[in-house]
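Chemist: fold the following.
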Amino acid sequence: MTLPQYEITMGAESAGEKKRGYILVAGGRAPATAWLSAAAAGRAAVCADRGVSYCRRAGLVPEAVIGDADSAGEDWQWARGEGARTLRYPADKDRTDLALALIYLKKQKDCGSLVASGVLGGRFDHAFSALFTLSAYRQGLGCPLIAADQYETLIFAGRAEKISVRFFQRPEVISLLPLSGRGRATLTGCRWELQDGLLCQSRPYAVSNRLKEGRDGLSFEAAGKAGIYCCFAEGAL
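Modeler: Purely as a prediction, here's the structure:
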């Protein structure tokens, strides 16, 4: 998987080689138009509600728009006029627009990799909900999953999965985030490395790391659900 700031090799990719790459654009912090255009190259776009506005600004016609249309009604009409499938749900519902979009992707059965944008930044409760929703659906999708925009990235690592990242833009911060109660991880290429180290939600110590001098990449392997977080512009957050 390649995005403007890096290239990632993940263990789950071989299963999705003959499937399609998708970019799911949700309604959180807006990705920069140029970044979104570059990230969407070669990927089919699916929007969760207001994400359709971000796609429209970038000149991207989505395959489908999903949600309650409470914040982007005019852009929904634009997408429908361009041939996008629109799946509208009541505003009062038990699932978020993001979860409904992930359910749509799971039903397509052809998702080989997924980049989720518009899920970071903004209100903490929205970001928390989005990231754990993505984590929960990753196994069902059965493909590599990254949450990203021009400022931040979270690479979702499954159990016993090997991940290598080669950076085109050097991150300012690298952190390991446990997404399950506890697990173990090995990390190389950073100033503070781990060898089968404990990752625990009650002691989230593996933060504020950085690449070793002279290195342009890292390798990671986890026994347990975890996220590799990279920040490329801390001063912009």
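
Chemist: and the residue sitting nearest the centre point of the chain, what are its bridge partners?
Modeler: Computing the C-alpha centroid of the chain and ranking residues by CA atoms, centre = their mean puts Ala147 first, at 1.6 Å. Counting by DSSP bridges, Ala147 forms beta bridges with Ala116, Leu154.

Chemist: the helix ranked longest in the chain: how far from the chain's middle?
Modeler: The helix that spans the most residues within the chain, counting by DSSP state H, is helix 124-141. Here the centre of helix 124-141 is set off from its chain's centre by 9 Å, with CA atoms, centre = their mean, to the nearest Å.

Chemist: can you pull the buried residues of that helix?
Modeler: Residues of helix 124-141 classed as buried by neighbour count (16 or more other CB atoms under 10 Å): 126-127, 130-131, 133-135, 137-138, 141. Every residue, glycine included, has its C-beta placed from N, CA and C.

Chemist: can you check stretch 179-195 too?
Modeler: Neighbour-count burial for stretch 179-195 flags 179, 183-185, 187, 189-190, 194 (criterion: 16+ other CB under 10 Å).

Chemist: CA atoms only: put the longest helix of the chain into CSV for me.
Modeler: The C-alpha trace of helix 124-141 is given here as CSV (Å, rounded to 0.1, in the frame of the first residue of the first chain):
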residue,chain,number,x,y,z
PHE,A,124,-12.3,13.2,20.9
ASP,A,125,-15.4,11.0,21.2
HIS,A,126,-15.8,10.9,17.4
ALA,A,127,-12.2,10.0,16.9
PHE,A,128,-12.4,7.3,19.7
SER,A,129,-15.6,5.8,18.2
ALA,A,130,-14.1,5.9,14.7
LEU,A,131,-10.8,4.2,15.5
PHE,A,132,-12.4,1.4,17.6
THR,A,133,-15.1,0.9,15.0
LEU,A,134,-12.3,0.5,12.4
SER,A,135,-10.4,-1.9,14.6
ALA,A,136,-13.5,-4.0,15.2
TYR,A,137,-14.3,-4.3,11.5
ARG,A,138,-10.8,-5.0,10.3
GLN,A,139,-10.9,-8.7,10.9
GLY,A,140,-14.3,-9.0,9.1
LEU,A,141,-12.9,-7.1,6.1
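
Chemist: so for that helix, what's the average pLDDT?
Modeler: The average of the pLDDT scores along helix 124-141 is 92.

Chemist: now do stretch 223-237: distance from first to last residue.
Modeler: 31 Å (CA to CA, to the nearest Å).

Chemist: correct me, but Phe208 touches Leu177?
Modeler: For residue 208 the amino acid is Ser, not Phe. No - taking contacts as CB atoms under 8 Å, Ser208 lies outside contact range of Leu177: 11.9 Å.

Chemist: which one's more surrounded, those two?
Modeler: With neighbours defined as other CB atoms under 10 Å, Ser208 and Leu177 compare such that Leu177 has more, 19 against 12.

Chemist: and the closest residue to the more buried one other than its chain neighbours, how far from Ala45?
Modeler: Leaving aside its sequence neighbours, Leu177 sits nearest to Gly227 (CB to CB, 6 or more residues apart in numbering; 4.2 Å). Relative to Ala45, Gly227 is positioned 23 Å away (criterion: CB to CB, to the nearest Å).
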